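Colleague: Got a sequence here, can you model it:
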Amino acid sequence: MSATGLVGRAWQLLWKNPGVFNLVFWSLMLSLLTELVLQTRLAADLPAVLTHPSLLTSARLAHLKFPPGGALKLGLFFATVLLIVTPYRLAGLYGGAFQVLGKRPTVGQWLVFFRVGWTMFWRGFAATLAGIAMAVVLLLLLVGLAVASSALGAAGSLLLIPWMVAVLFAVTLALMGLGAIMANDLAAGQAVVFALRWASGRIGFCILFGLLLIGVFAVGFFVLLTLARIPFFGAIFLLLGLWVMSGFIAVLPAALYQSSPPVQS
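Modeller: Numbers count the residues shown, from 1 in each chain. Sure thing, here's the model as predicted:
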């Protein structure tokens, strides 16, 4: 299937399965709850430079210091978010999308997110680790290209192009990896290997698909920001638009994985 065909397929899946919007709702609520805890319970433990952006131009390193015990509490909080909350969200949203699309919810539609988040937590954990590994690779590549560009002078800025291409490739790889892991057809490790092999054999498609998705979302955000300027109704349009875009992202891994060749257990 072509890149544009996959985008259309995901769009059709979303509107034929409105239960996906329920998954998005609970995922967003979990994100808001996490942010609420950070702002109400831990904001006082953040360095002053992070809570007062005007201090970024200050040379006083004191603004970078944590209050007593602040570093430990923030470390535990972010570790919890990264290793518990994020895997649960990934499992509930993307694993739940497979359940909804397959018409296989095991409990009431409103509770699918929580049930799948619990039963597929370790798959969400595997997806989180894979995402961290990908981010580290992209960061190391960026650092390496930055070092090389400094030695090339003005022409070194051209080295940013390979990194941007790598990011486009990584977008498709990440979506396929999520789909392969959450489909539950293979063990998590085997799913990651499958995604890597699939993407390595379709480099051109992956780059094109990543570019298409970035273009679609750029246009979508532009339209939403334009509608947001409408008095009163603008905020409603913005909220609904973000909800739809989040639902579209939720079904993309399923659409991509379902379009791939059958895998062997």
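
Colleague: For burial, what's the neighbour tally of residue 184?
Modeller: 15 (other C-beta atoms under 10 Å). Yep, even glycine has a C-beta here, placed from its N, CA and C like the rest.

Colleague: For it, which residues are in contact?
Modeller: Residues near residue 184 by C-beta atoms under 8 Å, 6 or more residues apart in numbering: 95, 98, 120, 123.

Colleague: and what of residue 255?
Modeller: Here residue 255 is in contact with 6, 9, 10, 13, 179 (C-beta under 8 Å, 6+ apart).

Colleague: Quick check: buried residues in stretch 180-195?
Modeller: Residues of stretch 180-195 classed as buried: 180, 181, 182, 183, 185, 186, 188, 191, 192, 194, 195 (neighbour count, 16 or more other C-beta atoms under 10 Å).

Colleague: got TSV for the residues you listed, with secondary structure, distance to residue 250 and pLDDT too?
Modeller: TSV is the format used below for the buried residues of stretch 180-195 (DSSP: H, G, I helix; E, B strand; the rest coil; distance: C-beta to C-beta, whole Å; pLDDT from 0 to 100):
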residue	secondary structure	distance to residue 250	pLDDT
180	helix	16	94
181	helix	14	95
182	helix	10	94
183	coil	14	91
185	coil	19	85
186	coil	21	88
188	helix	19	91
191	helix	18	93
192	helix	20	93
194	helix	21	94
195	helix	18	94
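
Colleague: Show me which of the contacts of residue 184 is closest to residue 239.
Modeller: Checking those against residue 239 by C-beta to C-beta gives residue 95 as the nearest, at 25.1 Å.

Colleague: if we can go back for a sec, can you select the buried ones from the contacts of residue 255 in PyMOL?
Modeller: A single PyMOL command selects the buried members of those (16+ other C-beta under 10 Å):
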select buried, resi 6+9+10+13+179
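
Colleague: want to try CSV for the contacts of residue 255, with pLDDT and secondary structure as columns?
Modeller: Shown next, in CSV, are those (pLDDT from 0 to 100; DSSP: H, G, I helix; E, B strand; the rest coil):
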residue, pLDDT, secondary structure
6, 90, helix
9, 91, helix
10, 91, helix
13, 91, helix
179, 94, helix
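
Colleague: From the contacts of residue 255, pick the one nearest residue 204.
Modeller: Nearest to residue 204 among these: residue 6, at 14.3 Å, using C-beta to C-beta.
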